[in-house]
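S.K.: Model the following, please.
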Amino acid sequence: QRSQDKLSVAVVYTTAILQGMAMVGFPASATVLKDVKGFTDAQYGLIFIPQIFAAIIGSLAGGGWARTVGLKNLLFATLIATALSQVGLLMAVEVFPPETAFYVVLGSTAMFGLAFGIGAAPLNTYPGLLFPKKSDPALVALHTLLGIGLSVGPLIVGPLTKAGVWVVYPALGIIAAAI
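M.R.: Predicted coordinates for the structure are as follows:
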């Protein structure tokens, strides 16, 4: 039981860091998307609209889905959707031609928005379940780790972009979500 609890804590709190880092992946990719794929400023700005709508839809549906499929499965779906968003970002830059890459990125930001939206239910619920006597500090810790992911992401992607190996950033997100 103890090892299962430790694994649950590790998965939930690592997911928070990963969500923060993945959230930064698209904004931190501005240079690559604009310089390598030729996105205009307007196109780059538009990539976040699907993310916003999908996050709203995911947030609205997340509670019902949590009751239907369970928190564990919803957390798993969050990780899958996060990984798929990073696969799309990576493929948009490395595989698709510029005229297609824009639409792939739109789909990728929507997938991340969905991941973020559906992830709210398990990520905000699990800390209280895992630490019932310290639920408030446990939730604050989760949100802090999400913020750490947001803070660390640019510190990682910046040097990778300068070194010409930007592709490592979304690849790390894919690997982390898959583990």
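
S.K.: Can you name the residues that contact L106?
M.R.: L46, I47, P50 (C-beta atoms under 8 Å, 6 or more residues apart in numbering). To be clear about C-beta, it is placed using only N, CA and C from the backbone, and glycine gets the same treatment.

S.K.: Now the buried members of those.
M.R.: I47, P50 (16 or more other C-beta atoms under 10 Å).

S.K.: With secondary structure added, can I get the contacts of L106 in a markdown table?
M.R.: Shown next, in a markdown table, are the contacts of L106 (DSSP: H, G, I helix; E, B strand; the rest coil):
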| residue | secondary structure |
| --- | --- |
| L46 | helix |
| I47 | coil |
| P50 | helix |
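
S.K.: immediately after the strand or helix carrying H143, which helix or strand?
M.R.: Assigned by DSSP states H and E, H143 belongs to helix 135-162. Sequence-wise, the next helix or strand downstream of helix 135-162 (DSSP H and E) is helix 168-178.

S.K.: Quick check, Q51 in contact with A115.
M.R.: No: contact criterion C-beta atoms under 8 Å: Q51 and A115 do not qualify, at 9.8 Å.

S.K.: For the protein, just list every one of the helices.
M.R.: If DSSP state H is used as the criterion, the helices of the chain fall at 2-25, 30-35, 41-46, 48-69, 71-94, 98-130, 135-162, 168-178.

S.K.: which of Q51 and A115 has more neighbours?
M.R.: A115 (29 against 23; other C-beta atoms under 10 Å).

S.K.: Report the contact partners of that one.
M.R.: Q19, A22, G58, A77, T78, L79, A81, T82, S85.

S.K.: Surely the fourth one and I118 touch.
M.R.: The reference is to A77. Yes: A77 is in contact with I118 according to C-beta under 8 Å; the separation is 6.0 Å.

S.K.: would you turn the helices of the chain into JSON lines with mean pLDDT?
M.R.: What follows is these, written out as JSON lines (pLDDT from 0 to 100):
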{"stretch": "helix 2-25", "mean pLDDT": "88"}
{"stretch": "helix 30-35", "mean pLDDT": "88"}
{"stretch": "helix 41-46", "mean pLDDT": "94"}
{"stretch": "helix 48-69", "mean pLDDT": "95"}
{"stretch": "helix 71-94", "mean pLDDT": "94"}
{"stretch": "helix 98-130", "mean pLDDT": "96"}
{"stretch": "helix 135-162", "mean pLDDT": "92"}
{"stretch": "helix 168-178", "mean pLDDT": "83"}
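
S.K.: list the contacts for the closest residue to G149 other than its chain neighbours?
M.R.: Nearest non-adjacent residue to G149, counting by C-beta to C-beta, 6 or more residues apart in numbering: G20, 2.2 Å away. For G20, the contact set (C-beta under 8 Å, 6+ apart) comprises L145, L146, G147, I148, G149, L150, S151, V152, G153.
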